[in-house]
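**Q** Have a look at this fold, sequence not included:
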């Protein structure tokens, strides 16, 4: 399960990068991303932490820090950091998707789904949010709902990277069969899960 979640996160981040979500990056962020790509996210935290202390207003650097916290399994810290960023005004689809990813890794699927929905309210064709939402439904044992999210996404998304992400999500849905729903979801804030 953890391997499947980590591979999903990698796919989401690749899609965000290819859609231009991370256009300009600082030198510490570029170094951290190279270290992460080499398979050592804990080492990347050692680069990011002092860089954030030196420049706390670099929001791209702080997003990279949140992604790295998720990759190192520190999802509660990632959710807390991302909540702080959203409270100070970051309200893009990428930000809500990253917050939702942190919640999903913490096992808080209801909060994850609400944040994926918020991301989709901002950008209805944002593939990482749609893929994450489908993945949450799959974890909840709602396979049909997950498949519907992917089917709708394929009609909305126009860019190739986003369509590839949804296609990989569809393949994952076909291969993954949860033993039992991990969380029962009901009507929350007018959204039926």
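**A** Cool, the structure landed. Just so you know, these numbers come straight off a predicted model, no measurement behind them.

**Q** tell me the pLDDT at the residue located most distally from the centre of the chain?
**A** What lies farthest from the middle of the chain is residue 54; by CA atoms, centre = their mean that is 26.2 Å. Among the per-residue scores, residue 54 holds a pLDDT of 92.

**Q** Can you name the residues that contact it?
**A** Counting by CB atoms under 8 Å, 6 or more residues apart in numbering, residue 54 touches no other residue. (C-beta placed from N, C-alpha, C; glycine too.)

**Q** And the strands in this structure?
**A** Here the chain has its strands, by DSSP state E, at 187-188, 191-192.

**Q** Just give me the neighbour total for residue 107.
**A** 12 (other CB atoms under 10 Å).

**Q** Tell me the spacing between the spatially closest residue to residue 99 that is not a sequence neighbour and residue 137.
**A** Distance criterion CB to CB, 6 or more residues apart in numbering; nearest residue to residue 99, sequence neighbours excluded, is residue 82 at 4.2 Å. Note on residue 82: its distance to residue 137, by CB to CB, to the nearest Å, is 21 Å.

**Q** out of the two, which sits in the more crowded spot?
**A** Higher neighbour count among residue 82 and residue 137: residue 82, with 28 against 25, using other CB under 10 Å.

**Q** Please report how far the more buried one lies from residue 123.
**A** 17 Å.

**Q** do residue 35 as well
**A** Going from residue 35 to residue 123 by CB to CB gives 29 Å.

**Q** go on, residue 156?
**A** Relative to residue 123, residue 156 is positioned 10 Å away (CB to CB).

**Q** where along this protein do the helices fall?
**A** 2-18, 27-37, 41-54, 59-71, 75-87, 93-106, 109-122, 127-139, 143-156, 160-175 (DSSP state H).

**Q** deepest of these, which one?
**A** helix 127-139 (a mean of 28; mean count of other CB atoms under 10 Å).

**Q** tell me what it is packed against?
**A** helix 2-18, helix 93-106, helix 109-122, helix 143-156, helix 160-175 (3 or more CB pairs under 8 Å, 6 or more residues apart in numbering; DSSP states H and E).

**Q** can I get the ones you listed in CSV with distance to residue 26 and mean pLDDT?
**A** Shown next, in CSV, are those (distance: least, CB to CB, whole Å; pLDDT from 0 to 100):
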stretch, distance to residue 26, mean pLDDT
helix 2-18, 15, 47
helix 93-106, 17, 94
helix 109-122, 24, 95
helix 143-156, 32, 92
helix 160-175, 23, 91
